[in-house]
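Chemist: Sequence and predicted structure below; questions after.
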Amino acid sequence: MPSKSGYHPETGRFQTLDQFVIEQQERFPHSTGSFSRLLRDLSVAAKVVNSDIRRAGLLDVTGASGDVNVQGEVQQRLDIIAHTEFVEALKLGGECSLIVSEEHDEIIPIEPMGPESDGSYIVLLDPLDGSSNIDVNVSVGTIFSVYRLPEGREPSLESALQPGSEQIAAGYIVYGSSTMLVYTSGDGVNGFTLDPLVGEFMLSHPKIQVPPTGRFYSIDEGNSAAFHEGLEQYIHWLQYEQEKPQAHKTRYIGSFISDFHRNLLKGGIYMYPATPVYPQGKLRLMYEANPMAFIIEQAGGRATDGERRILDLQPEALHQRTAVYIGSTQMVRTAEAFLRGEGPPAS
Ligand code: AHG
Ligand code: MN
Ligand code: MN
């Protein structure tokens, strides 16, 4: 059951995503409805990808595609399927003039569909996050980030390379034990659960706030030999030196979205530092770190590269990577203090 708080007092029903977005947009007198249509396009693609993922062991869609993407990573067949579904839905919708995707080296400019189409948005996508988990039935997701095409600018690489602070919306879909779409357009974070019988995303988690601290820490400890001394000390402090023994628990799935989603709802920190294999960090700034940083800040949390606010980083390349420390504010601040060599906060 969706939580009672998602209940719409006027209609006596749970609100659908479409109803919610239209209601939000009506608060702005000059709104054209184009953002509502863009979100609708994204949610339609999400439903199609959801249906592929739900039948992944039955349809012939699992396994590697045989190709390698621009990051030198093996593409899974579902990476390509999800990329194609989202790009096609956005092309058909006509609200966006430029797409950037993890699964495509260059920008994807979109021809206007006709005089009706506005094309004022730029959308960046991680079509399938955590795709190494597909074949083993573990939660995966989609991440999206939305910018405005700057006034008078052509859809070009330069217009795509905006800092995360310029995002007008960001969200993700987690294909988990239920399928959820969580997004922000700069006025808080709201979560919608897909009702598979009705076929609609219903408002189930209104006004999400991340707890200021939490029990969970998420990091690939397989990389621990390469951890910065401060990071090693922070993890040791989480494990042994807090007042309550076992105050913290490790949770690391290998799908950023799933780890993020748990930590968002329950309180926690996700960390992916620079490593010898990934000297800049592993996660991609434009379509992994920035959208999740926007969401976590809107939920009252914090996201940095260990030092600098993620949203202030000026991107120089579409697929550039960054170190990420993201989640409950107190936990991220403490991690930063350890990285600076200052040790734990005075309590
Ligand atoms: P993607 O599947 O989109 O390439 O992203 C994978 C990312 C992220 O989802 C996850 O947290 C991280 O890679 C896992 O990396 P390790 O296997 O190095 O821990
Ligand atoms: Mn990813
Ligand atoms: Mn991906």
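Modeler: Sure, I can see it. Ligands and ions are numbered 1, 2, ... in the order given.
Chemist: going forward, measure contacts and count neighbours with C-alpha atoms only.
Modeler: OK.
Chemist: Is stretch 248-265 positioned near ligand 1?
Modeler: Yes - with C-alpha under 6 Å from any ligand atom as the threshold, stretch 248-265 lies in contact with ligand 1, specifically through G254, S255, F256.
Chemist: Same check on stretch 73-87?
Modeler: No - where contact is defined by C-alpha under 6 Å from any ligand atom, no part of stretch 73-87 touches ligand 1; the two come within 7.3 Å at best.
Chemist: in that stretch, what counts as buried?
Modeler: By 16 or more other C-alpha atoms under 10 Å, the buried positions in stretch 73-87 come out as 74-87.
Chemist: Within reach of ligand 3, which of these are there?
Modeler: Judged by C-alpha under 5 Å from the ion, the overlap between the buried residues of stretch 73-87 and the neighbourhood of ligand 3 is nil.
Chemist: Take the residues you listed and keep only those in strands.
Modeler: Residues of these located in strands (DSSP state E): V74, Q75, Q76.
Chemist: residues contacting the residue nearest to the last one when sequence neighbours are not counted?
Modeler: Excluding its sequence neighbours, the residue lying closest to Q76 (C-alpha to C-alpha, 6 or more residues apart in numbering) is A64, at 4.1 Å. With contact set as C-alpha atoms under 8 Å, 6 or more residues apart in numbering, A64 has these partners: V74, Q75, Q76, R77.
Chemist: just curious, which of these is nearest to A45?
Modeler: R77 (16.4 Å; C-alpha to C-alpha).
Chemist: what about that closest one, distance to H83?
Modeler: In this structure, R77 and H83 are 10 Å apart, going by C-alpha to C-alpha, to the nearest Å.
Chemist: now swap in E106 and tell me
Modeler: Using C-alpha to C-alpha, which is the criterion applied here, E106 is 14 Å from H83.
Chemist: and if you look at D18?
Modeler: 23 Å.
Chemist: ditto for F256
Modeler: When distance is defined by C-alpha to C-alpha, F256 is 18 Å away from H83.
Chemist: does ligand 1 sit close to stretch 46-63?
Modeler: No - shown here: stretch 46-63 not in contact with ligand 1 (C-alpha under 6 Å from any ligand atom), separated by at least 13.0 Å.
Chemist: contacts for that stretch?
Modeler: Stretch 46-63 is touched from outside by 76-78, 81-82, 85-86, 134-135, 142, 173, 175, 179, 199, with contacts defined as C-alpha under 8 Å, 6+ apart.
Chemist: on that earlier part again, for the residue nearest to Q76, give me the pLDDT.
Modeler: Reported pLDDT at A64 in the predicted model: 80.
Chemist: Torsion angles phi and psi at E23?
Modeler: For E23, the backbone dihedrals (degrees, to the nearest 10) come out as phi -60, psi -40.
Chemist: let me redo that: V140
Modeler: phi -130, psi -180.
Chemist: what do you get for T32?
Modeler: Main-chain torsions, T32, degrees, to the nearest 10: phi -100, psi -10.
Chemist: continuing past whichever strand or helix holds L181, what's the next helix or strand?
Modeler: Here L181 sits within strand 179-184, counting by DSSP states H and E. The first helix or strand that comes after strand 179-184 along the chain, using DSSP H and E, is strand 189-195.
Chemist: Go ahead and confirm M113 touches C96.
Modeler: No - using C-alpha atoms under 8 Å, M113 is not in contact with C96, being 10.1 Å away.
Chemist: Between these two, tell me which one has more neighbours.
Modeler: In this comparison of M113 against C96, neighbours counted by other C-alpha atoms under 10 Å, the higher total goes to C96 at 28 against 15.
Chemist: That one bridge partners, please.
Modeler: Beta bridges link C96 to Y121, judged by DSSP bridges.
Chemist: Near ligand 3, which residues of the stretch 101-250 of the chain are found?
Modeler: Applying C-alpha under 5 Å from the ion, we find that the stretch 101-250 of the chain lies next to ligand 3 at D126, L128, D129.
Chemist: residues contacting the last one?
Modeler: Looking back up the chat, that one is D129. V140, G141, T142, I143, S255, F256, I257.
Chemist: beta partners for the first one?
Modeler: This points to V140. Assigned bridge partners for V140, using DSSP bridges, are Y175.
Chemist: count of residues packed around it?
Modeler: The burial count for V140: 24, using other C-alpha under 10 Å.
Chemist: re earlier: now a ChimeraX select for only the buried ones of the residues of stretch 248-265 next to ligand 1.
Modeler: The buried residues among the residues of stretch 248-265 next to ligand 1 can be selected in ChimeraX (16+ other C-alpha under 10 Å) with this line:
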select :254,255,256
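Chemist: Okay, now the unreliable bits of the stretch 1-150 of the chain?
Modeler: Confidence mapping of the stretch 1-150 of the chain against pLDDT under 70 gives the ranges 1-10, 12, 29-30, 114-117.
Chemist: Repeat the analysis, applying 80 as the threshold.
Modeler: Regions of the stretch 1-150 of the chain meeting the criterion pLDDT under 80 cover residues 1-13, 27-31, 56-63, 65-66, 69-74, 112-118.
Chemist: so how far is stretch 152-163 off the chain centroid?
Modeler: For stretch 152-163, the gap between its own C-alpha mean and the chain's C-alpha mean amounts to 21 Å (C-alpha atoms, centre = their mean, to the nearest Å).
Chemist: Which residues does it contact?
Modeler: By C-alpha under 8 Å, 6+ apart, the surrounding residues in contact with stretch 152-163 are 97-98, 100, 107, 109, 122, 149-150, 311-318.
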